[in-house]
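**Q** only the shape, not the letters, is given here:
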């Protein structure tokens, strides 16, 4: 099951390249050429373990024990992961908004230096099994 989720996330990372880079005026945070290697790390937010996979300036986050259907926990996890991945603290006053790109609703959080985008992958129960995240310089 975990291998299937990881495979699906890798496919999502590749497909999301067209969603996040469709608007040429937006610049990815990292200005290096895309890296074709896959980087993997593990961590924990509250009691929820996760594995990060970074590829081409995007990060997929897999939660083996799904995040609950709870906006407070999900928002906290996203802000925590932005700090861990991009080294930027999102101000407490910054609330998530939805942004539609190519027919896909993304969660958007505004940082001081960059805007961060999150694609949420949910189970039928509303629990979150994974996120795909990236940032774009303002």
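**A** Now that the structure is in, tell me what you want to look at. Computed from a predicted structure; not experimentally measured. Numbers count the residues shown, from 1 in each chain.

**Q** only C-alpha atoms from now on, for both contacts and neighbour counts.
**A** OK.

**Q** residue 75 falls within a helix, correct?
**A** Yes. Residue 75 sits within a helix when classified using DSSP: H, G, I helix; E, B strand; the rest coil.

**Q** let me see the contact set for the residue lying closest to it once chain neighbours are set aside.
**A** Residue nearest to residue 75 in three dimensions, not counting chain neighbours: residue 96, with 7.7 Å by Cα to Cα, 6 or more residues apart in numbering. With contact set as Cα atoms under 8 Å, 6 or more residues apart in numbering, residue 96 has these partners: 75, 107-110.

**Q** from these, pick the one nearest residue 120.
**A** Comparing the contacts of residue 96 against residue 120 with Cα to Cα places residue 107 closest, at 7.9 Å.

**Q** now do that closest one against residue 39, distance only.
**A** Residue 107 is 24 Å from residue 39, where distance means Cα to Cα, to the nearest Å.

**Q** next one: residue 109
**A** Distance, residue 109 to residue 39, using Cα to Cα: 24 Å.

**Q** could you do residue 58 as well?
**A** Counting by Cα to Cα - residue 58 and residue 39 are separated by 11 Å.

**Q** go on, residue 46?
**A** Applying Cα to Cα, the value for residue 46 to residue 39 is 23 Å.

**Q** okay, those two: which has more neighbours?
**A** More neighbours sit around residue 39 than around the other of residue 46 and residue 39, counting by other Cα atoms under 10 Å; the figures are 11 against 8.

**Q** residues contacting the more buried one?
**A** Applying Cα under 8 Å, 6+ apart to residue 39 gives the contacts 52-55.

**Q** if anything else comes up later, I'll come back, but that's it for now.
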